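Colleague: After the sequence you'll find the predicted model.
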Amino acid sequence: MAYETPIEFPLANIVRVEIETEETTPKQYRLTDVASEAEVTAFVSEGQENELRVRDTIIAQNNTEDIVKGYDIKLVSATMVPEVLALVDGGALRVDAEDPTGVLGYDAPPVGAPVNRKPFTMNIYTEEKDTDGSTKSYVKFSYLHCKGTPVNYSLQDGQFFAPELTSKSRPRSGESPVKIDFLTELPA
């Protein structure tokens, strides 16, 4: 029997996160040197193992497989980015009337009211490293139809604030729950 040698990718670091809203006029955010951690957990419909057993003998089994319905993504940010905070949390930015690029503050969604969060696509880029520590290539993970969840805050004296931005990617029927692209260089 001949064995195939698989291609391996030693991956490290988060070099970029791109977020693009899924609306008629999309807004795009490119985060570099911002995300320190991305924890991606499969959201699964668990299969079942139904066995036919007579005393000490298993006669048959009827098994159904686990099915991935999407992913839960927790992005830990090294700095606070108000625009992304508003997108994930579902609130509104307060901007300077004379300078719309000047952010004055943020208001979370009102208590007790439904929140209409905008869906977005999230791309997370990481590096394939070589034995000398240089970057050989990049790998892009794409998650469709993400919606944010309420943001938790943890502030500590003497520590930098690192917000955790959690979103849920739930693709539509027939769509892949994650798309992985192997790139020779980062897109411009």
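Modeller: Yep, it's here.

Colleague: show me the residues around the residue nearest the centre of the chain that make contact.
Modeller: Residue closest to the average C-alpha location in the chain (Cα atoms, centre = their mean): I73, at 3.6 Å. Going by Cβ atoms under 8 Å, 6 or more residues apart in numbering, I73 touches A38, E39, V40, T41, M122, Y143, C146, T166, S167, K168, S169. Backbone N, C-alpha and C define where each C-beta goes, glycine included.

Colleague: What's the PyMOL line that selects buried ones from those?
Modeller: This is how PyMOL selects the buried members of the contacts of I73, with burial counted by 16 or more other Cβ atoms under 10 Å:
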select buried, resi 38+122+143+146+166+167+168+169
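
Colleague: Same list (the contacts of I73) but as JSON lines, adding distance to N152 and pLDDT.
Modeller: Listed next are the contacts of I73 as JSON lines, based on distance: Cβ to Cβ, whole Å; pLDDT from 0 to 100:
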{"residue": "A38", "distance to N152": "16", "pLDDT": "89"}
{"residue": "E39", "distance to N152": "14", "pLDDT": "92"}
{"residue": "V40", "distance to N152": "18", "pLDDT": "95"}
{"residue": "T41", "distance to N152": "16", "pLDDT": "96"}
{"residue": "M122", "distance to N152": "19", "pLDDT": "97"}
{"residue": "Y143", "distance to N152": "20", "pLDDT": "98"}
{"residue": "C146", "distance to N152": "17", "pLDDT": "97"}
{"residue": "T166", "distance to N152": "8", "pLDDT": "94"}
{"residue": "S167", "distance to N152": "13", "pLDDT": "96"}
{"residue": "K168", "distance to N152": "15", "pLDDT": "97"}
{"residue": "S169", "distance to N152": "19", "pLDDT": "98"}
